[in-house]
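Enquirer: show me how the following folds:
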Amino acid sequence: MVDVIDITITKGFEGRAVASLSINAGSAIFDVKCNIAEQLGAVADDQLLIWKTQALHNTETLQEIGIPSGACLQVIVKKPISAVSSCQDGRIILWDASAGNLISRIEGGGKEVKAVSVDWASMRVLTGDGDGCLNLRDLRNGDCLKTMEGHAGCVRAVHADWADERAISCSHDGTIKFWNLRHATPIHTLVGHYGHVLTVAANWDKLRALSGGQDSRIKVWDLQTGVCTGQLDGHTRHVGVLEVDWIGMQALSGSHDCRLRLWDLSALTCIRTFLVALNVRRSDVVTAVSADWVRKRAASCTTRDGVKIWDLQTADCLKSFDWNGSPIAATASLTLSKGRVVSGHSDKRLRMWDLQSGKLMFALDGHCSPVTAVCVDWSD
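Expert: Numbers count the residues shown, from 1 in each chain. Take a look at the predicted model:
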């Protein structure tokens, strides 16, 4: 018969009790962390447990370590995962996504926000709006610091180089704009796509960019001159997401044709194709991709089918899970290194998922209309 022992959990070395557990002595440390997660909201993988200055490993059991009933363990929680999301009514919400808590809300004046880029150090957010404007806001008080006008259609993606005060955006007007954030003025307007431009990624060191659009093409740009220097052909429908390895000169694209393509940017050729869904439905599109270029792994999200993990060398699907009955996921942010996905859904909720198990960790309530964009600080 396995004994049940009582444990007190204190936060860090403050001595303040934050949880108490009655648990089998044969339980593994990871099980203890899961119990703590239910009480504190800090996910198991973000916890470090310490007993008498000894860091405890997930696979060890309480009995093996020799932890007695009445013992006091210290829990140290890693930096919270912050997230910013937007919705159709223009509201922007700052979250502590580790604990599932809403920190602050910025009213948007009814204008739809379709894209967000966040400077977590200065707590500023650059938004791409449905009316073609970019707005720079202070996340702490909601103040609009600058407005940049120039696009004639909905802004679909924005990315900022916060160190040098530059940004890039793409729009339904068929253009890409390279901005000087300090002066709120465009440096170049890039023209070359037919129809909406849906995604853009920039290499700020080399001043290069990739863009994907409604015309199914991916274009390579020189941001110094504003000239298109190459084109990648292969997708048969809109290209909506891009992930780029600028050092290895490879890119991963996701399309409405329900395929991923891995590209050689030096040769401008497709290396391989990944079939995300057998039946291409207009209502099911790839909404996010993430790559671990070192381990040769990738992950993709679609609106309906959920998440798939891929081997970049073979195009094999290693693992998959669906949205578990949740409504359409219009947007997502994911990371392979931390094993997490944050998805934004048509039922006005954000959801955090565990990539390893495919389980829903929690749902975040706070928006009053469908979620349109999400940006997550996945850094340590």
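
Enquirer: ignoring the adjacent residues along the chain, who's closest to the residue most central in space within the chain?
Expert: Nearest to the geometric centre of the chain sits residue 333, at 2.1 Å (CA atoms, centre = their mean). Sequence neighbours aside, residue 376 is the residue nearest to residue 333 in space, at 4.3 Å (criterion: CB to CB, 6 or more residues apart in numbering). Every C-beta, even on glycine, is put in place using the N, C-alpha and C of the backbone.

Enquirer: mind checking pLDDT for that neighbour?
Expert: With respect to pLDDT, residue 376 has a value of 92.

Enquirer: which of the residues in stretch 37-51 are buried?
Expert: For stretch 37-51, burial by neighbour count (16 or more other CB atoms under 10 Å) applies to 37, 40, 41, 42, 43, 44, 46, 47, 49, 51.

Enquirer: which one of those is nearest to residue 172?
Expert: Nearest to residue 172 out of these is residue 43 (CB to CB; 37.5 Å).

Enquirer: contacts only, for the closest residue to the closest one other than its chain neighbours.
Expert: Take residue 43 and drop its neighbours on the chain: the residue closest to it by CB to CB, 6+ apart is residue 37, 5.6 Å away. When contacts are counted by CB atoms under 8 Å, 6 or more residues apart in numbering, residue 37 touches 43, 44, 47.

Enquirer: do the same with residue 342
Expert: 83, 97, 332, 333, 334, 350, 351, 352, 353, 374, 376.

Enquirer: restricted to strands, list those residues.
Expert: 83, 332, 333, 334, 350, 351, 352, 353, 374, 376 (DSSP state E).

Enquirer: tell me how far the residue nearest to residue 333 lies from residue 158.
Expert: According to CB to CB, to the nearest Å, residue 376 and residue 158 sit 15 Å apart.

Enquirer: where do the strands sit along the stretch 251-380 of the chain?
Expert: Along the stretch 251-380 of the chain, counting by DSSP state E, counting those that start in this stretch, strands occupy 259-264, 269-275, 286-292, 297-302, 306-311, 317-321, 329-335, 340-345, 350-354, 360-364, 371-376.

Enquirer: by contact count, what packs against the third one?
Expert: Using 3 or more CB pairs under 8 Å, 6 or more residues apart in numbering; DSSP states H and E as the contact test, the elements touching strand 286-292 are strand 239-245, strand 250-255, strand 259-264, strand 297-302, strand 329-335.

Enquirer: relative to residue 367, which of the ones you listed is closest?
Expert: strand 329-335 (11.7 Å).

Enquirer: pLDDT of the closest one, averaged?
Expert: Mean predicted confidence for strand 329-335 is 83.

Enquirer: so which residues make contact with that strand?
Expert: 83, 287-288, 290, 299, 301-304, 306-307, 323, 340-346, 351, 355, 370-376, 378.

Enquirer: apply 7 Å and report the result again.
Expert: With contact meaning CB atoms under 7 Å, 6 or more residues apart in numbering, strand 329-335 is reached by 287-288, 290, 299, 301, 303, 323, 340-346, 370-376, 378.

Enquirer: over to stretch 259-267?
Expert: By CB under 7 Å, 6+ apart, stretch 259-267 touches 232, 234-235, 249-254, 270-276, 286, 289, 300, 312.

Enquirer: just the buried residues from the residues you listed, in PyMOL please.
Expert: To isolate the buried members of these in PyMOL, using 16+ other CB under 10 Å:
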select buried, resi 232+234+235+250+251+252+253+254+274+276+286+289+300+312
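
Enquirer: any chance of the strands of the stretch 251-380 of the chain in TSV, with distance to residue 226 too?
Expert: TSV is the format used below for the strands of the stretch 251-380 of the chain (distance: least, CB to CB, whole Å):
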stretch	distance to residue 226
strand 259-264	22
strand 269-275	25
strand 286-292	26
strand 297-302	31
strand 306-311	34
strand 317-321	39
strand 329-335	29
strand 340-345	32
strand 350-354	36
strand 360-364	40
strand 371-376	26
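
Enquirer: out of the ones you listed, nearest to residue 167?
Expert: strand 371-376 (13.6 Å).

Enquirer: what is the neighbour count of the residue nearest to residue 319 when sequence neighbours are not counted?
Expert: Once flanking residues are discounted, residue 319 sits nearest to residue 309: 4.3 Å by CB to CB, 6+ apart. The tally of other residues near residue 309 (other CB atoms under 10 Å) stands at 21.

Enquirer: distance check, residue 309 against residue 368.
Expert: Distance of residue 309 to residue 368, given as CB to CB: 33 Å.

Enquirer: which SSE is the closest residue to residue 71 other than its chain neighbours in?
Expert: Once flanking residues are discounted, residue 71 sits nearest to residue 7: 5.7 Å by CB to CB, 6+ apart. For residue 7, the element it lies in under DSSP states H and E is strand 4-11.
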